[in-house]
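*Asks:* could you work out the structure for the sequence below:
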Amino acid sequence: MRALSEGLGAFGIDGFLLALDFGSAEEMLSTPLQQLPGHLGRLREHDLLQADPIIARILGGDTAFSFDTRELAAGDQPDPRWRSLVRDAPPLSGRVLPLPSAAGLKSVAIVCTTADQPLDALAVDCAGIIARVAQMRAQLPALSGENSDGRLLAANLSGVQLEVLTWAARGKSNADIAIITGHSPRTVSYHMSEILRKLGVSGRGQAIALLARTERGGPTPPTS
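*Replies:* You can find the predicted model right below:
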């Protein structure tokens, strides 16, 4: 969690929550991967989890949106206690990012800042990658089942290598990845070579395809 916090903090993100495969507010907020400035504690203390419009939107299926607690508090919320609580707390602005999840469940990352300006697009994009890498590392042991392609698990990629591969899967070149991650182009090229070697593939396209199959939970069925 410390590494996750430091990585997000480098992009001006003050708070985050990474919740995987949940079906209720309680399950969503029981994740150990959270650092939201007092917000969750106050909601629990006042029994206002169900009144929080951010949580309500997520549970309702809306898992990709921006929010500003000052704007929400100024609106016509159904529970005046929630409105009063938020108005007395430091304002938060942030973004809810959807993540791949099990059938019937949800997985999201929430990133926010207490600054007076919203998160910029690069910070949100990088937060999504960092959250996805953290999710993949948390779920890799489950990918060794009989219905999964276990090569990504067996390869034991480092966190940096998972990040490089995930950016590559989003169409970024080695030069782009170097700029985004702060590594030198030579370092990114080295990591990509190590990824290909560990996965036993001959090109980045094959590595990206393997990542896509792993995220879907198993090998791609053969086509006729």
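*Asks:* what number of residues lie near the nearest residue to residue 129 once chain neighbours are set aside?
*Replies:* By the measure of C-beta to C-beta, 6 or more residues apart in numbering, the closest residue to residue 129 outside its immediate chain neighbours is residue 166, 5.5 Å from it. All C-beta spots, glycine's among them, are computed from the backbone N, C-alpha and C. The burial metric for residue 166, expressed as a neighbour count using other C-beta atoms under 10 Å, is 20.
*Asks:* beta partners for residue 95?
*Replies:* When bridges are assigned using DSSP bridges, the partners listed for residue 95 are residue 66, residue 111.
*Asks:* got the contact list for the spatially most central residue of the chain?
*Replies:* Nearest to the mean C-alpha position of the chain, counting by C-alpha atoms, centre = their mean, stands residue 131 at 2.9 Å. Neighbour list for residue 131: 16, 18, 97, 99, 109, 111 [criterion: C-beta atoms under 8 Å, 6 or more residues apart in numbering].
*Asks:* helix or strand: which one has it?
*Replies:* Under the criterion DSSP states H and E, the helix or strand holding residue 131 is helix 121-139.
*Asks:* same question, residue 194
*Replies:* Counting by DSSP H and E, the element that carries residue 194 is helix 185-199.
*Asks:* next one: phi and psi at residue 35?
*Replies:* According to degrees, to the nearest 10, the main-chain angles of residue 35 amount to phi -150, psi 70.
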